[in-house]
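Asker: Show me how the following folds:
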Amino acid sequence: MIKAEEKTWLQSFFNWLEEYASLISVGSGFLIAIGLIIFKTSLPQPAKFLGDDYTAYFVGVWWTLVGMTLDTIFQKKKTQSYIENISSKTDELAKMTKSLVIAKKDLGELTPVRLSISNFSKFFPYLAVYVAIHLGLFEEEDLSVELARSSGDDSLAIDALRDGQSDFAITDPAMAIPYHDHCQIIAPILSKAALWGISKRPIVRDAAHKVTTSQFQTIVTYPKHTTAYRLVNSWVGTSGPKVICKDRKDLLTEMEALLDEHSLVVVTEPEKTYHMSAISGISTNVIDLHDELYASNLFNFTAIISTNGNVSANEGIVRRLCRALRLAYSLIYSAQPGTALYTKIIAAAMEHSISAYPEIISKLNEQTCGDVLEALKRGQYFSRDIFYDEHERQGLVNAFNLHSHDKGFPGTSVLVDKMLYKHHASNGRTN
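Answerer: Here you go, the predicted model:
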């Protein structure tokens, strides 16, 4: 058995051998070659056992190569040791950094952000906001986002913004038109009009595959103060069928009776998916209102809006908020059914949106919730990049044109350019 002192001595010897292996091999190889040459020439008779004159050189070179091979092995071992050591230190540093971030969040040092939402109390298509909350994406940007929900008039979120009750609003961007001198439109949230018409009667279309509104006598949709009502009126025109308003609860609980009494009922998601699964015979009688109105063009259904003063004083917060939402949309579009990420996205939708529908919660389980999500993804209703490129800007122009009957405002294009956040093209893309 080797004693502890011998182990220490042997370890020191091998460490020394590893350190100077290359130098030892080259030096000893040179000395061996010179020694063989001197030994051979000093003999009185030719020393045949040593071979020809090149043998000494060959032996010397061979020994040198052996030494260099050993040196390479030692250096590889040493390099691997260095890599493992650095990797270990990096892991330790990552753990320390993570613990520091968690500690910072626990100490309540996140920047509070108040985000008012209108359109509907827990509107399903605002999924990116729910995902960013559920997955902690806002916290990763050092933001603590508090949702202030307004039920009813789409302008209520703008009112909360103007009154200082919130820092940002998510609503129809046209709601900010009356305050164009004081508000900025930062980023698109929904790029298409998320509305569908449902009927118990077969839908008649013309040669261009467009729906003829003259086939309807009455159309039911949401109240007058909503963008949905304005879009339906824009579709049917002044000489079209009568548009009747019902509150959201009636459009959930009285749907079958409304379909029996009226020609068409226009709703959003998840109401559409719920009714198509609950009422037989209507799955083929569905109209995509966005396609009827705008075809391949966009319509900026909802956007992030803030005041001039808030944007000017908090541009860093604006970028961080957009960056978190942009990541949320990237995750939504990339997540595949059956994956852990997809399950988390569905959980976010169930918790923050579907839970607001006690009347239909038993029908809208995770599977049907996934159906809603996939339909919105296929139709590309969600904004992908959270900034106004040329296509998204035209969608904003279309949203403003819907309110063109309002008087006393600049032309639509001038108004859009005036109200767009000056750094909108880099939203969520820069620090």
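
Asker: Endpoints of stretch 289-307, how far apart?
Answerer: Its first and final residues considered, stretch 289-307 spans 31 Å by Cα to Cα, to the nearest Å.

Asker: my bad, stretch 185-198
Answerer: 33 Å.

Asker: all numbers from here: first residue = 137
Answerer: Let's use 137 as the start, then, which means that last one is stretch 321-334.

Asker: Just list whatever residues bridge to I334.
Answerer: Note on I334: beta-bridge partners by DSSP bridges are V401, V422.

Asker: my read: it touches I418, true?
Answerer: Yes: when contacts are counted by Cβ atoms under 8 Å, I334 is listed as touching I418 (5.6 Å). Quick note: C-beta positions are derived from backbone N, CA and C, even for glycine.

Asker: what is in contact with those two at once?
Answerer: Common neighbours of I334 and I418 (criterion: Cβ atoms under 8 Å, 6 or more residues apart in numbering): 395, 411-412.

Asker: ok, of those, which one's closest to L551?
Answerer: Using Cβ to Cβ, H411 comes nearest to L551 of the shared contacts of I334 and I418, at 37.1 Å.

Asker: Number of residues surrounding the nearest residue to G417 once chain neighbours are set aside?
Answerer: Using Cβ to Cβ, 6 or more residues apart in numbering and skipping residues adjacent in sequence, the residue nearest G417 is K336, 6.4 Å away. Residues lying near K336 (other Cβ atoms under 10 Å) number 17.

Asker: Tell me the predicted confidence for K336.
Answerer: You'll see K336 listed with a pLDDT of 94.

Asker: could I get the shared contacts of I334 and I418 as a markdown table with distance to S448, neighbour count and secondary structure?
Answerer: Below are the shared contacts of I334 and I418 laid out as a markdown table (distance: Cβ to Cβ, whole Å; neighbours: other Cβ atoms under 10 Å; DSSP: H, G, I helix; E, B strand; the rest coil):
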| residue | distance to S448 | neighbour count | secondary structure |
| --- | --- | --- | --- |
| L395 | 50 | 21 | helix |
| H411 | 45 | 24 | helix |
| M412 | 46 | 18 | helix |
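
Asker: for those, which one is nearest A296?
Answerer: Nearest member of the shared contacts of I334 and I418 to A296, counting by Cβ to Cβ, is H411, at 31.3 Å.

Asker: Over to the closest residue in space to the closest one that isn't next to it in sequence: give its phi and psi.
Answerer: Spatial nearest neighbour of H411, excluding adjacent residues (Cβ to Cβ, 6+ apart): M391 at 5.2 Å. When quoted as degrees, to the nearest 10, the phi and psi of M391 stand at phi -60, psi -50.

Asker: confidence score at M391?
Answerer: M391 is given a pLDDT of 93.

Asker: domain ranges for the chain?
Answerer: As recorded under automatic domain parsing, the domains making up the chain are 140-242, 247-325+435-562, 332-430.

Asker: May I have the phi/psi pair for I355?
Answerer: Torsion angles at I355 (phi, psi; degrees, to the nearest 10) stand at phi -130, psi 130.

Asker: hang on, the earlier thing: more neighbours: I334 and I418, which one.
Answerer: Higher neighbour count among I334 and I418: I334, with 23 against 19, using other Cβ under 10 Å.

Asker: Which strands or helices does the strand or helix carrying S413 pack on?
Answerer: In this assignment (DSSP states H and E), S413 forms part of helix 407-414. Counting contacts by 3 or more Cβ pairs under 8 Å, 6 or more residues apart in numbering; DSSP states H and E, helix 407-414 packs against strand 332-334, helix 384-389, helix 391-397, helix 502-514.

Asker: ok, residues contacting the shortest one?
Answerer: Going back to what we said before, that points to strand 332-334. Contacts for strand 332-334 (Cβ under 8 Å, 6+ apart): 347, 355, 395, 400-405, 408, 411-412, 418, 421-425.

Asker: and if you look at the longest one?
Answerer: Contacts made with helix 502-514 from outside it, assessed by Cβ under 8 Å, 6+ apart, are listed as 260-261, 263, 330, 405-406, 409-410, 413, 468-469, 473, 478, 481-482, 485-486, 490, 500, 518.

Asker: which among these end up buried?
Answerer: Among the contacts of helix 502-514, those buried by neighbour count (16 or more other Cβ atoms under 10 Å) are 260-261, 263, 330, 405-406, 409-410, 468, 478, 481-482, 485-486, 490, 500, 518.

Asker: could you pull out the helices for the stretch 287-436 of the chain?
Answerer: Using DSSP state H, counting those that start in this stretch, the helices assigned to the stretch 287-436 of the chain run over residues 292-298, 363-372, 384-389, 391-397, 407-414, 425-430.

Asker: ok, and which of the ones you listed has the densest surroundings?
Answerer: Ranked by mean neighbour count, the helices of the stretch 287-436 of the chain are led by helix 292-298 with a mean of 23 (mean count of other Cβ atoms under 10 Å).
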